[in-house]
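In: Quick one, fold the following:
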Amino acid sequence: MRKASEGERPRYTVKATAERAGVSTHQLRLWERRFGLLSPRRSRGGYRLYSDDDVAILAYVRAQSEAGAVIGELATRGRNALLAEARRQPPNVSLPSTELPAASVGDHEALLALLEAGDAIGFERALAQSTLPLLESLLSFELPLLAEIGRRAMAGTTSVAAEHLASSVVRRRLLHYCHNLGLPRGSRPVLLCTVPGDYHDIGLLTVLAHLLTAGVPVSYLGSNLPLEELEGVIERWKPRAVACGVTAPGVPATRALAERLGEIQTRTGCPIFVGGFEAQRRAAVFTEAGVELVDDAAALVAKLTKRT
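Out: Numbering: from 1, shown residues only. Coordinates of the predicted model:
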């Protein structure tokens, strides 16, 4: 029988392995179960132990995923091939791309020039140059950049087309991140939606990414959800909570909306949270209706995870 190499020796717990590879414990378990990327052993006490090879594969797959690769496609290469690639290439090196644009991630004007030229590929490649993990890049740079582009569009110094193009790229990157996290198991998910008349869902997708990273079961119901549909889903699915995005300025009849959400919350016993630009602007209206307002995605995640 072949003697195990030093890299194959089981030594790390689930938590230690996840920390070393830069992933969540939920991601680790999902990628192991769904894609068979890892080869843990059992300790005498029955705990799963992972090797340095497992850590290297996880870190490599995470880096490639953040650069735009699909984990399911990476997994088809097989464990041995991925390990060989991980050893040849440092884990934080992204997939090579051709003709990267001159724009640096920190250069707003160069990025705006790409958007005004309709160069979505160049814009996304420029964003992918960030050395930050994808979610951190989204939160610390890309979403603030979208806010800046939105302000310029409202002032007429940037075209609305460029604003929409930027939103579509960032939205795709958020969805890619969420797709690779997978959905945690759980019988009582948190429901996410935007209210009737509101199609702005990027903030809500950020909440989705935060919750999935925390291993919280989520059902994303999309934009412009009729309130009667929301109430029916709450009654049938018995969710842990509901988070509604209220972003679009001048959402029709905000006071009536707040009162209706308060009624649904009282009738179903399900906590309803709201967030977004319009919710912040009309905070008093929601407070009067007994609907809790949250400042940002991190605050909402903190409240929801306390209820698990």
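
In: where do the strands sit along the chain?
Out: Applying DSSP state E to the chain gives strands spanning 41-42, 48-49, 190-194, 218-220, 241-245, 272-275, 292-293.

In: looking at those strands, which is closest to Gln129?
Out: Across the strands of the chain, the minimum distance to Gln129, taken as CB to CB, is reached by strand 218-220, at 28.7 Å. The way it works is simple: take the backbone N, C-alpha and C, and place the C-beta from them, glycine included.

In: buried ones in the closest one?
Out: Val218, Ser219, Tyr220 (16 or more other CB atoms under 10 Å).

In: Could you give the average pLDDT over it?
Out: Across strand 218-220, pLDDT averages out at 88.

In: partners of it, with directions?
Out: Its sheet considered, strand 218-220 pairs with strand 190-194 (parallel) by DSSP bridges.

In: For the strands of the chain, give me JSON lines that also has distance to Ala284.
Out: As requested, those are arranged in JSON lines below (distance: least, CB to CB, whole Å):
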{"stretch": "strand 41-42", "distance to Ala284": "57"}
{"stretch": "strand 48-49", "distance to Ala284": "51"}
{"stretch": "strand 190-194", "distance to Ala284": "21"}
{"stretch": "strand 218-220", "distance to Ala284": "29"}
{"stretch": "strand 241-245", "distance to Ala284": "17"}
{"stretch": "strand 272-275", "distance to Ala284": "13"}
{"stretch": "strand 292-293", "distance to Ala284": "9"}
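
In: Out of those, flag the one nearest Pro133.
Out: Among the strands of the chain, strand 218-220 comes nearest to Pro133, with 20.0 Å by CB to CB.

In: from the chain's centre, how far out does stretch 75-86 sit?
Out: 26 Å (CA atoms, centre = their mean, to the nearest Å).

In: that older thread, looking at the strands of the chain, spot the one closest to Glu228.
Out: Nearest of the strands of the chain (CB to CB): strand 190-194, 12.7 Å.

In: contacts for that closest one?
Out: Residues from elsewhere that reach strand 190-194 (CB atoms under 8 Å, 6 or more residues apart in numbering): 200-201, 204, 207-208, 211, 216-225, 230, 233-234, 237, 239-247, 276, 304.

In: now stretch 161-175
Out: Here stretch 161-175 makes contact (CB under 8 Å, 6+ apart) with 112, 115-116, 118, 120, 123-124, 127, 134, 138, 142-143, 145-146, 149-150, 152-153, 201-202, 205-206, 208-209.

In: my guess is Glu32 contacts Leu38, does it?
Out: Yes: the criterion here is CB atoms under 8 Å, and Glu32 meets it with Leu38 at 4.4 Å.

In: right, so of the strands of the chain, which gets closest to Glu263?
Out: Of all the strands of the chain, strand 272-275 sits nearest to Glu263, with 10.2 Å by CB to CB.

In: So what are the sheet partners of the closest one and their directions?
Out: Its sheet considered, strand 272-275 pairs with strand 241-245 (parallel), strand 292-293 (parallel) by DSSP bridges.
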